[in-house]
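> Everything below, folded, please.
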Amino acid sequence: MDLDARYRFETYVVGTGNRLAVSAARAVAQAPGAAYNPLFIYSGSGLGKTHLMLAIAHLALQRQPGLRAEYTTVDEFVEELNGAVAAGTMDALKRRYQEVGLLLLDDVQFLAGRREMQSEMLRLFNVLQRSGRQVVLASDRPPGDIADLDDRLTTRFAGGLVVDVGEPDYETRVAILRMRSEERAAQFNPGVLEEVARLRFRNVRELQGALNRLIAHQTLGESPLTPATVRELLGERGDGVVRATPVRAQASEFDTLLSDVSEVLSQQLEAWRIRVSEAITYWHELGYHAGRLERALDGASEPDVDALLTDYEAAIARLRDLQQTAAKFDHRLATSELFLDPERVSEAELVVARLIGTVDPPPGPRVEFTRAEFDVGPSNQLAVHAADTVVQEPGGKYNPLYLHGPSGVGKTHLLHAVGNELVATRGGAALVACVNARDFTDELIRALQDGTIERWRVRYRVLDVLLMDDVQQLTGSERTQDELFHLFNSLYAAGRQIVLAADRAPGRIEGLEDRLRSRFEGGLVVEMQRPDHALREKFFARQLAASGQRVDHALLEYLASRPVGSVAEVSALVTRLRKAADIVGVPLTAGLARKELEGSFAAPTVTRSTPGRSVDESFLDEEKVVWEWPELSGRAIEEYR
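Okay, here's the model as predicted:
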């Protein structure tokens, strides 16, 4: 099982709100199946449930390298179950899960209403418990609050230990901020982090998002932040309500329990070494690497040999399938050493997925939106700085980057510009998707209709960069949000860059699921405001030059004072003025612009006449033409045709 190395007990800050959960989690990791089985962890989104579950897996595998651990979400398990039913491999799927020594199941609340799934889960749960296998569950609510859940499951989930992860208190928030600052090598004036910690945040992701904003501002600003400027920068966050939490047992009771937990060591038997050695010889003769088996053979204790060999053979079977798929697209790639190493299955899956993705790639950024043509001013300076940082360090400092602001402030331009820059910096090798949220939903619907949902998922999960515009349009699309949630997790865990844009902040999008909102807010959220006077000058200077008009200071000053809010409005205004100047036949000036825009300039009326009488213009060819401009005090401009 591939685990994100960031999520360990060493990086989990312990406070009064999570001490019980952490103590119980450590006990489970040190002796799976012996301490609390099952362990049920619940909390709101963004408070560290998943971090704690993966920390259990890390520590358990560190202490028992031969342990089979499996982390999955309910939705992923449902997908596996449906796929196994369709492929007729249900027995194999059941055997795989029944042989797991440590099962970590996340998002248990999504079992609600899935009766068939609950039945399968009940059977699996019973098998694992009878055989002493450890089960760890996580949900956004306690077992008894999960609607439409089978009573038998509710009883079993609550039959071990149920613990909640509460909101971090002030001291814990300070500790988290200091730890994350050290990880980012960011330094602040005394009192800055403490002032941030005094603000109320609903979860740890929001707290980390606030830290990202501080780092971005301090990097961009001319002077370091001070405690006095923190609230001005971040505003009053949180709802100000202290939520009640259940009374917890004293931590010392669990510390005592931890000290009493003893390690169970298996006796070394020589017979298992013979089996493993024979397997190594057999697979070596077929050309496969056997590093995992060799390390097990060198170990001092006996592993679960059946599980070890089953996993190894399953990995080889998967490699063979991938190799056959690769051969359909590229025979040379199919001969790669990659398909002979069972420890590189994930890498092989990615290579093949990329190969499939190139056949039907997702939409990329529009080439006309370039970074060079994006004008920068105080109203968008922070957003541009963050975007440039993303280009320099994709997947690093600001991931995800969330841009929001009213229509016309340049979000879409900047989003596509980031994509184009990332493509250029990687010589065109980066796989970058830039998609509108509504188009993303439409693609998903077509994939569901055509039965090509797996192929559709592959297109996006192999991306190097995901850029999504108009995120507010996800409202009301439950299935789309679910797919995006899993896609987000997959890309984020692999260190891929995610940039999002919307017309409002995540917390103001009605109908956006908390699990998505908290992930969006866990990166850097930047507001783009309407352009100020200086930025409007830049917009007008660029548009005037592009239309071939002379640009003078007075004209720019006047135009920049106009209430325009976007580049599109600027372009429309310049087009209007250019046409007016062409009609008059004089250069565009501030005076002419003022007359046109303030209502004193009108299209000329044309009167054709002959001396002494008016004549229908259709009969005139050589007569004098008079253009009358009433708005210019009746002055007549005459010319002969």
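
> Please count neighbours and contacts with C-alpha atoms only from this point.
Noted.

> shaky segments in the chain?
Across the chain, the ranges flagged by pLDDT under 70 are 1-2, 221-223, 236-270, 329-333, 357-360, 564-568, 599-641.

> the domain parsing of it - what is it?
Recorded structural domains for the chain (assignment: automatic domain parsing) are 9-166, 170-234, 270-359, 381-527, 533-597, 605-640.

> Quote the end-to-end distance of stretch 153-169.
Distance between the two ends of stretch 153-169: 33 Å, counting by CA to CA, to the nearest Å.

> Can you name the residues in contact with that stretch?
If you take CA atoms under 8 Å, 6 or more residues apart in numbering as the criterion, stretch 153-169 is touched by 15-18, 20-21, 36-43, 47-49, 118, 122, 137, 142-144, 202-204, 245.

> Make sure residue 56 is actually in contact with residue 32.
No: in this structure residue 56 lies outside contact range of residue 32 using CA atoms under 8 Å: 9.3 Å.

> returning to what we had before: show me which of the contacts of stretch 153-169 are buried.
Applying a neighbour-count criterion of 16 or more other CA atoms under 10 Å, the buried members of the contacts of stretch 153-169 are 15-18, 20-21, 36-43, 47-49, 118, 122, 137, 142-143, 202-204.

> in this protein, which helix has the most residues?
helix 305-329 (DSSP state H).

> Now do the strands in the chain.
All strands of the chain, identified by DSSP state E, fall at 39-42, 69-73, 102-106, 134-139, 161-164, 401-404, 432-436, 465-469, 497-502, 524-527, 605-610, 613-614, 624-628, 636-640.

> now those as a markdown table including distance to residue 597?
As requested, the strands of the chain are arranged in a markdown table below (distance: least, CA to CA, whole Å):
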| stretch | distance to residue 597 |
| --- | --- |
| strand 39-42 | 61 |
| strand 69-73 | 60 |
| strand 102-106 | 61 |
| strand 134-139 | 60 |
| strand 161-164 | 63 |
| strand 401-404 | 31 |
| strand 432-436 | 35 |
| strand 465-469 | 34 |
| strand 497-502 | 32 |
| strand 524-527 | 31 |
| strand 605-610 | 19 |
| strand 613-614 | 33 |
| strand 624-628 | 19 |
| strand 636-640 | 21 |
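
> So for residue 275, which of those sits nearest?
For residue 275, the closest of the strands of the chain is strand 69-73, at 22.7 Å, according to CA to CA.

> To residue 365, which of the domains of the chain lies closest?
Taking CA to CA as the criterion, domain 381-527 is the member of the domains of the chain that comes nearest to residue 365, at 4.9 Å.

> Between the two ends of that closest one, what distance do you get?
As for domain 381-527, its first-to-last residue distance stands at 10 Å under the measure CA to CA.

> now stretch 182-195
Start to finish, the residues bounding stretch 182-195 are 17 Å apart (CA to CA).

> Any buried residues in it, and which?
For stretch 182-195, the buried set under the neighbour-count rule, 16+ other CA under 10 Å, comprises 188, 192-195.

> Please name whichever of the strands of the chain is nearest to residue 87.
Of the strands of the chain, nearest to residue 87 by CA to CA is strand 69-73, at 20.2 Å.

> Which neighbouring residues are in contact with residue 139, exactly?
For residue 139, counting by CA under 8 Å, 6+ apart, the contacting residues are 40-43, 106-109.

> contacting residues around the longest helix of the chain?
Here helix 305-329 makes contact (CA under 8 Å, 6+ apart) with 66, 68, 99, 272, 276, 279, 293, 333-335, 339-343, 345, 348-349, 352, 355.

> try stretch 218-238
Outside stretch 218-238, the residues that touch it by CA under 8 Å, 6+ apart are 188-193, 195-196, 199-202, 210, 214, 382, 385.

> tell me which of these is nearest to residue 405?
Distance to residue 405 across the contacts of stretch 218-238 (CA to CA) is lowest for residue 382, with 12.8 Å.

> Am I right that that closest one is in contact with residue 216?
Yes: counting by CA under 8 Å, residue 382 sits close enough to residue 216 to count as a contact (7.3 Å).

> can you give me the helices in the stretch 351-500 of the chain?
For the stretch 351-500 of the chain, applying DSSP state H, counting those that start in this stretch gives helices covering 381-392, 411-425, 437-450, 453-461, 478-493.

> Go through those and pick out the most buried.
helix 411-425 (a mean of 22; mean count of other CA atoms under 10 Å).

> And it, what does it pack against?
Counting contacts by 3 or more CA pairs under 8 Å, 6 or more residues apart in numbering; DSSP states H and E, helix 411-425 packs against helix 381-392, strand 432-436, strand 465-469, strand 497-502.

> Relative to residue 477, which of these is closest?
Proximity to residue 477, assessed across those by CA to CA, is greatest for strand 432-436 (13.7 Å).

> got the angle for that closest one vs strand 497-502?
An angle of 20 degrees separates the directions of strand 432-436 and strand 497-502 when computed by axes from the mean of the first three to the mean of the last three CA atoms, to 10 degrees.

> correct me, but residue 447 touches residue 453?
Yes: Residue 447 lies in contact with residue 453 (CA under 8 Å); the separation is 4.9 Å.

> between the helices and strands packed on helix 411-425, which gets nearest to residue 595?
Shortest distance between residue 595 and these, using CA to CA, is found for helix 381-392: 33.7 Å.

> who touches that closest one?
With contact meaning CA under 8 Å, 6+ apart, helix 381-392 is reached by 216-217, 220, 376, 396-398, 401, 403, 414, 418, 421-422, 497, 526-528.

> From the residues you listed, list just the buried residues.
Looks like these have 216-217, 376, 397-398, 401, 403, 414, 418, 421-422, 497, 526-528 buried, using 16+ other CA under 10 Å.

> follow-up on the earlier one: mind listing what's buried in the longest helix of the chain?
Using 16+ other CA under 10 Å as the test for burial, helix 305-329 gives 305, 307-309, 312, 315-316, 318-319, 322-323, 325-326.

> ok, now stretch 110-120?
Counting neighbours by 16+ other CA under 10 Å, one finds that the buried residues in stretch 110-120 are 110-111, 117-118.

> repeat for stretch 63-72
64, 66-71.

> Going by distance to residue 473, which of those wins?
The shortest separation between residue 473 and any of those is 31.3 Å, and it belongs to residue 71 (by CA to CA).

> ok, now how distant is the residue nearest to the closest one when sequence neighbours are not counted from residue 40?
The shortest distance from residue 71 to any residue other than its chain neighbours is 4.6 Å, reached at residue 104 (CA to CA, 6 or more residues apart in numbering). From residue 104 across to residue 40, the span is 10 Å (CA to CA).

> between these two, what contacts are shared?
Among the neighbours of residue 104, those also in contact with residue 40 (CA under 8 Å, 6+ apart) are 136-137.

> Around the nearest residue to residue 423 once chain neighbours are set aside, count how many other residues there are.
The shortest distance from residue 423 to any residue other than its chain neighbours is 5.4 Å, reached at residue 430 (CA to CA, 6+ apart). With neighbours defined by other CA atoms under 10 Å, the count for residue 430 comes to 16.

> same question, residue 173
By the measure other CA under 10 Å, the count of residues near residue 173 is 26.

> contacting residues for it?
For residue 173, the residues meeting the contact criterion (CA under 8 Å, 6+ apart) are 197, 207.

> let's go with 7 Å and repeat that
Residues near residue 173 by CA atoms under 7 Å, 6 or more residues apart in numbering: residue 197.

> Ramachandran coordinates for residue 585?
Listed backbone geometry of residue 585 is phi 80, psi 20, with angles given as degrees, to the nearest 10.

> That one and residue 577, how far apart?
As defined by CA to CA, residue 585 lies at a distance of 12 Å from residue 577.

> quick one, which of those two is more surrounded?
Here residue 585 and residue 577 are set side by side on neighbour count (other CA under 10 Å), and the busier one is residue 577, at 20 against 9.
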